[in-house]
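Participant: dropping the sequence and predicted coords here.
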Amino acid sequence: MKIELDAYQVIEKVVKPGGNSGRVYVPLEWLDKKVKIVLVEPLD
């Protein structure tokens, strides 16, 4: 699959455990902004 996005900034991180789900922290400046999360490796 190929995905093309127009974006302003990209950060690559690893999802960490967070309660009953996964969590990714982003900069505080991103509060109230729309973001997209893209899985870039296959699930086993």
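Facilitator: Cool, got the structure. Numbers count the residues shown, from 1 in each chain.

Participant: from residue 27, how far out is residue 42?
Facilitator: 28 Å (Cβ to Cβ, to the nearest Å). The way it works is simple: take the backbone N, C-alpha and C, and place the C-beta from them, glycine included.

Participant: can you check residue 7 too?
Facilitator: 14 Å.

Participant: with residue 33 instead?
Facilitator: Counting by Cβ to Cβ, the gap from residue 33 to residue 27 is 10 Å.

Participant: swap in residue 8?
Facilitator: 12 Å.

Participant: and these two? which has more neighbours close in?
Facilitator: residue 27 (9 against 6; other Cβ atoms under 10 Å).

Participant: how about that one, nearest residue that isn't a chain neighbour?
Facilitator: Leaving aside its sequence neighbours, residue 27 sits nearest to residue 11 (Cβ to Cβ, 6 or more residues apart in numbering; 7.6 Å).

Participant: tell me, what residue is most central in this structure?
Facilitator: residue 37 (3.6 Å; Cα atoms, centre = their mean).

Participant: which residues touch it?
Facilitator: residue 24 (Cβ atoms under 8 Å, 6 or more residues apart in numbering).

Participant: surely it is in a helix?
Facilitator: No. Judged by DSSP: H, G, I helix; E, B strand; the rest coil, residue 37 forms no part of a helix; its state is coil.

Participant: the strands in the chain, which residues?
Facilitator: With DSSP state E, the ranges of strands along the chain come out as 16-18, 21-23.

Participant: partner strands of the first one, with direction?
Facilitator: Spelled out, it's strand 16-18. strand 21-23 (antiparallel) (DSSP bridges).

Participant: alpha carbons of stretch 23-37, as PDB, please.
Facilitator: C-alpha atoms of stretch 23-37 as PDB (Å, rounded to 0.1, in the frame of the first residue of the first chain):
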ATOM      1  CA  ARG A  23       0.300   5.200  23.600                       C
ATOM      2  CA  VAL A  24       2.400   7.500  21.500                       C
ATOM      3  CA  TYR A  25       3.400  10.900  22.900                       C
ATOM      4  CA  VAL A  26       3.600  13.900  20.600                       C
ATOM      5  CA  PRO A  27       4.800  17.500  21.300                       C
ATOM      6  CA  LEU A  28       2.600  19.700  23.500                       C
ATOM      7  CA  GLU A  29       2.300  22.100  20.600                       C
ATOM      8  CA  TRP A  30       0.200  19.500  18.700                       C
ATOM      9  CA  LEU A  31      -2.700  19.700  21.300                       C
ATOM     10  CA  ASP A  32      -6.000  20.300  19.500                       C
ATOM     11  CA  LYS A  33      -4.500  19.600  16.100                       C
ATOM     12  CA  LYS A  34      -5.600  16.800  13.800                       C
ATOM     13  CA  VAL A  35      -3.100  14.000  13.400                       C
ATOM     14  CA  LYS A  36      -2.900  10.700  11.500                       C
ATOM     15  CA  ILE A  37      -1.200   7.500  12.800                       C
END
